[in-house]
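Enquirer: Here you go, sequence then predicted model.
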Amino acid sequence: MKKTIGTAFAATFAGAVALGGFAASAADPVKIGFSESKTGLFAQAATSQYQSYNLWREQMNAAGGLDVAGTKRKVEFVSYDDQSNPGKAVQIYEKLITDDKVDLLLAPWGTSLHLAIAGVIERYKFPVVGNTAASVQLRKLKAGNIWFPTSLFPDRQSDVLAALLKDRGVNTAALVTNQLPYTQENKSFVVPALKKAGIELVVNEDYPPNVKDLTAVLTKVKNAKPDAVLAYTYPADAVLYMNGAREVGLNQRVQVVLLGPQYDFFDKIFGAARNGILTMGHWTPARKDWPSARTFADAFKARWKTDPDFVDAPLAYVSVEILQQAVAKAGLDKDKLRATIAGTTFATINGPVRFEGVMNVALPTMISQIQGGTQHIVWPPKERTAEAIAKPAWK
Amino acid sequence: MAEHSRFLALLAVAVAAFALVPRLGGDYAIGVALNLLMWIALTQSWVVLSAMTGYVSLGHAVFFGAGAYAMVLCFGSLPFWLSVIVAGAATGLLALLVGYPCLRVRGPYFVILTFGLAELVKFVVINVEAALGQFGRLLFGGPGLAQIFYVVLVLAAVSVIVTWFVRRSRFGAGLRAIRENEEAAETLGIDVARYKVLAFALSAIVPGMVGAAMVLRTTYFEPLDLFNPITSFTIVSIAIIGGGDDVPGPVYGALFLVLMQELLWANWPEVYMILLGGLLVAFVLGVPDGIHGRVAAWRKARG
Amino acid sequence: MVDLFSGQLLIAALVLAAIYGLVALGLNLIYGTMRLLNVAHGEILMLGGYLAYWTFTLTGVGPVWSMFLALVLAGAFGAIVYRTLCRRVLRSSRLIEQIEANSLLLLFGVSIILQNVIALSFTATARAYPYLDDIVRIGTFQVTADRLVVLGIGLALCFAAILFFRLSATGLQIRALIQQPDAALLVGVDVERMRLISFSLGFAIAGVAGCLISMLEQVSPFMGFPFTIAAFVVIILGGLGNLAGGLAGAAVLAAIEVYGVALTTTSMRSILIYGVFIAVLVWRPQGLFGGRSMVR
């Protein structure tokens, strides 16, 4: 009896060793690590990034795995909650690289976390395709291990917006801005851009991120009778703006709401009342020359029972598409991967992507507008999927 | 005296052991150890005010954040170590300034007041940054991880020394007399107002310096992050978990919370926050004396 | 430049006052009777918001009705939390010594659990639904119907609560417990029962407040904390444990939020609020409307 157990044990052990040896070659899953902002300040906004990542993983695995330079391998995620804390994110990427020894990394959520981890990935020379970050500060990062597919950079965005406003016949504008970084950065670029375009700013006021009512400032805006209203909001206060503007009766034909209209919950609250609101964004499933955009939107909806937002969800997906195509070509070797990401033109749901330095130079900056329940690109003219319309009066 | 020398010897051993971490461990290990030291330094400082006088501060994030902001303003014009000292001086001064009016307020009012103070300073900084046309600052070219680690190690050691000696001084006896009965302390000839303000300032300096060092860990400054109320909450949690008004409490508390968090976080990433919440609840109800109280009782039982 | 007497500003201030008043009422009740710093207050509100959202999304029944369900469920949940957790804090001589810090930690734990259970169940995505969002014109100004409903229900509930505490036997006993805990015990107030009722009622009101707020803004697992803070500001302005003062505190906060920024700029909003809050704490800790000093 004793001997039998011993033999069985030995056999199992040998089997395990053999299996281990075998597994290390082809069937081993590719380990992909990232930190997600599951709790804390960014949690609400970061969900769609996570959803895009997971949609992609499931698609890969359903198709037999990720193509690693010719070999199909299953995809496995290793992710931890960074609590929206940059310090924690830094620690997580250090752990992912040194402790979990992941094969590939995906980006965390938001500009501050991208900037926070830039140091770590530079130190370990680990290439990461960023996604949900947009700030002129990103251009100061060293090129080589991080790239940004977006074109929502506040300086260019401000110029493009000013051109659109001019085209819409705007001569005076009012600006109300949340004091958080992304909106402040946009403000600091749009003020000179408007001036340059000859648009006079008649109201220019900030509000703190925890504001609960905008009636007073919107009344000021109404009294100033500008041609256009620019509400530089984050999603939570975008709701305050919409309600306030309706009540106060701001019926300007041109109204820009920076962050908020892109998200599904905005559609749920306001429905048709969103129509005609201008907003930022360079992606829409309506682009005929990006056929996979529609496929993505449908797959996302089928998987998560909610429409993808028009900013974070597609950007997150674009970043994994880039990684997927680069890995198919270069495998998992960091140097080859880096060279491939830097030197290839990728086909994505947001059109072609090609990097110069840290920036995607194939995607122009665009302005979008909510029309008929979806988001269309309305500017610049050669990119648009619909003509800009005048915002109908509130009902 | 023997007590002091034994303490200092133990501290020297602990500091030496921590000093080896950057040489032996990887970045991840340094990160965890840095976290541990940071919470020890913050909570020790908190103990000098809140555990000794009974004035529970729920706003220590204000000093952490103000120190970080001082570093941001000095960044590029002063060397790292000097900026850390400036940050400590600035937060000490801040505490002296606001201490007198604030410490007239007692009990739950003080708890909520300190919380409100942290929020007020946060929004002032947000406003100042907006007025300066800043939108989140990049802090490139700062010190490396190891350098930050050594600074925080020194700060943790300083905070431990401060708590130890205050606890065993006439000043500390006065602070504890205030906790037991403020009116009685006053009749005993203790200058209550001055004692409280001094304790407040003393509890503000190290957190300011820690904030200054830690802001460079991430190379990016955003006020909302650094004045996070969760920092204040965590300090109180660690102090309560550790228990007592002396050096061991914050050490036990920080060790327990940081290691438990790492353990839960790495093994059950989906539910670790829920487990952590459950742990806090269980701790308050199950270990009301804190770890320090338990250890003391166990030692007594052993003789 | 802004007409301070416009009805538009007035209605905005009133709606905010009703929300703040309702949110603060439950917190004040729990603090007043037991000195528990309920930092999980906002999370109960969040649960009420989710209840309203799911009830509306799944069955089409609006928050005006689901708030009754929230009242019952949140009340029951309050009773459970009180019986299993908070009562033990109040009974432990060791814990009562530092009741503020201990209750804070305990309920902080509860709030973390609630936030993350909801985030795990429904993801952290913001959710919202359209409800009564037609514009109503009243004289020279207009307001969305949902805000009017919140104003009406909020004020009605606040006044009902005040009447309850002034007229009913239970209400009077609870007030006695708040104002003179030792005397209340002597005159035969069933302290344990009153505490249970206060706790349960505090949660119930928060649940209802959550239902109402879900009409106006999106719900998410982490929406609660700002409301907890606002509630603390209100009850400090009105006086800790002073229920009627809390309503006045809510009005003051709303006035700062609407008129304060109309007179200055919106960027000053939070600085004004916390500045007034701290000034009140330092110079008049018993609150703006308390006669007697509430400081021990």
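Expert: Ah, there it is.

Enquirer: Contacts only, for the closest residue to A:Thr183 other than its chain neighbours.
Expert: Residue nearest to A:Thr183 in three dimensions, not counting chain neighbours: A:Tyr232, with 4.1 Å by Cβ to Cβ, 6 or more residues apart in numbering or on different chains. Yep, even glycine has a C-beta here, placed from its N, CA and C like the rest. By Cβ atoms under 8 Å, 6 or more residues apart in numbering or on different chains, the contact list for A:Tyr232 reads A:Leu175, A:Val176, A:Thr177, A:Asn178, A:Thr183, A:Asn186, A:Lys187, A:Val190, A:Leu258.

Enquirer: just C:Asp134 next, same as before
Expert: Contacts of C:Asp134 by Cβ under 8 Å, 6+ apart are A:Lys395, C:Thr144, C:Ala145.

Enquirer: what's the answer for B:Phe165, then?
Expert: B:Gly172.

Enquirer: shaky segments in the stretch 1-150 of chain C?
Expert: C:1 (pLDDT under 70).

Enquirer: Pull up the residues of it that are close to chain A.
Expert: For the stretch 1-150 of chain C, the residues in contact with chain A (Cβ under 8 Å from any Cβ of the partner chain) are C:1-3, C:6, C:8-9, C:12, C:16, C:115-116, C:119, C:123-130, C:133-135, C:141-144, C:147.

Enquirer: near chain A, which residues of chain B?
Expert: B:26-28, B:31-32, B:35, B:123, B:126-127, B:129-130, B:133-136, B:138, B:140, B:214, B:217-220, B:222, B:224-225, B:228, B:230, B:265-266, B:269, B:272-273.

Enquirer: ranges for the strands of the stretch 151-300 of chain B?
Expert: All strands of the stretch 151-300 of chain B, identified by DSSP state E, counting those that start in this stretch, fall at B:220-221.

Enquirer: and residue 249, how many residues sit next to it?
Expert: If you meant another chain, say so; for now it's chain A. For A:Gly249, the count of nearby residues is 16 (other Cβ atoms under 10 Å in any protein chain shown).

Enquirer: wait, chain B
Expert: 26.

Enquirer: surely it meets B:Met52?
Expert: No: B:Gly249 lies out of contact with B:Met52 (Cβ atoms under 8 Å); the separation is 11.3 Å.

Enquirer: that older thread, what subset of the contacts of C:Asp134 is also close to chain B?
Expert: Okay, of these, nothing touches chain B (Cβ under 8 Å from any Cβ).

Enquirer: check contacts around whatever residue of the stretch 1-150 of chain A ends up closest to chain C.
Expert: The nearest approach of the stretch 1-150 of chain A to chain C comes at A:Ala43, 4.1 Å away (Cβ to the nearest Cβ). Residues near A:Ala43 by Cβ under 8 Å, 6+ apart: A:Ser37, A:Ser84, C:Ala119, C:Ala124, C:Ser220, C:Pro221, C:Phe222.

Enquirer: Can you flag which of the residues you listed belong to helices?
Expert: Counted as lying in helices by DSSP state H, out of the contacts of A:Ala43, are C:Ala119.

Enquirer: If we only consider the contacts of A:Ala43, which is nearest to C:Ile197?
Expert: For those, the residue nearest C:Ile197 by Cβ to Cβ is C:Pro221; the value is 28.8 Å.

Enquirer: what sits against that closest one?
Expert: A:Ala43, C:Met46, C:Gln115, C:Asn116, C:Ile118, C:Ala119, C:Phe122, C:Ala124.
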